[in-house]
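Enquirer: the sequence isn't on hand, but the structure is:
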């Protein structure tokens, strides 16, 4: 399993500005302690110019273990992505993770959507009122 520190280390091992997505984005934001892999997204044009041959896994194009780095899976995206920067790394926003997970629709994706929604609800309930 990969912790936030592991994700940062693996990100810094490659010269590719990828977007940290899915479960790894939740780890970077502190919603989960660890994840099985890092889903790294790059725009399709950049993906097509990478020097490794993609595979089709479960219907999705991906370069698993990019540059020999265990657990770093790079895939293309076609739509614009919304992200913030954490520790100098582009990380998908929680809204973007929900949008992507809804498209995937697997049981584990639906569970992670629920985790995000509970987190957002708790943050909203616990915020301090603004005096104007």
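Expert: Arrived safely. These numbers were taken from a predicted model, which means no experiment stands behind them.
Enquirer: what residue lies at the spatial centre of the protein?
Expert: With distances taken as C-alpha atoms, centre = their mean, residue 21 lies nearest the centre of the chain, 1.1 Å away.
Enquirer: pretty sure that one contacts residue 98?
Expert: No: applying C-beta atoms under 8 Å as the test, residue 21 and residue 98 come out as separate, 11.6 Å apart. All C-beta atoms are positioned from the backbone trio N, CA, C, and that covers glycine.
Enquirer: the residue nearest to the centre of the chain and residue 81, how far apart?
Expert: 8 Å (C-beta to C-beta, to the nearest Å).
Enquirer: kindly report the same for residue 14.
Expert: Residue 14 sits 18 Å away from residue 81, going by C-beta to C-beta.
Enquirer: with residue 18 instead?
Expert: For residue 18, the distance to residue 81 - C-beta to C-beta - is 11 Å.
Enquirer: those two: who's more crowded?
Expert: Legend: neighbour count by other C-beta atoms under 10 Å for residue 18 and residue 81, higher for residue 18 (22 against 17).
Enquirer: if I pick that one, what's in contact with it?
Expert: Applying C-beta atoms under 8 Å, 6 or more residues apart in numbering to residue 18 gives the contacts 11, 40, 41, 42, 74, 90.
Enquirer: try it again with 10 Å
Expert: Contact analysis of residue 18 by C-beta atoms under 10 Å, 6 or more residues apart in numbering lists 11, 38-43, 46-47, 66, 72-75, 89-90.
Enquirer: okay, and which of those map to strands?
Expert: With strands identified by DSSP state E, the entries of those that belong to them are 38, 39, 40, 41, 42, 43, 72, 73, 74, 75, 89, 90.
Enquirer: distance of the nearest residue to residue 93 once chain neighbours are set aside from residue 91?
Expert: If the residues on either side of it in the chain are set aside, residue 93 comes closest to residue 82, at 4.8 Å by C-beta to C-beta, 6 or more residues apart in numbering. From residue 82 across to residue 91, the span is 10 Å (C-beta to C-beta).
Enquirer: any stretches of this protein with poor pLDDT?
Expert: 127-132 (pLDDT under 70).
Enquirer: what helices and strands are in contact with the lengthiest helix in the chain?
Expert: What stands out as the longest helix in the chain, according to DSSP state H, is helix 107-125. Counting contacts by 3 or more C-beta pairs under 10 Å, 6 or more residues apart in numbering; DSSP states H and E, helix 107-125 packs against helix 22-28, helix 94-104.
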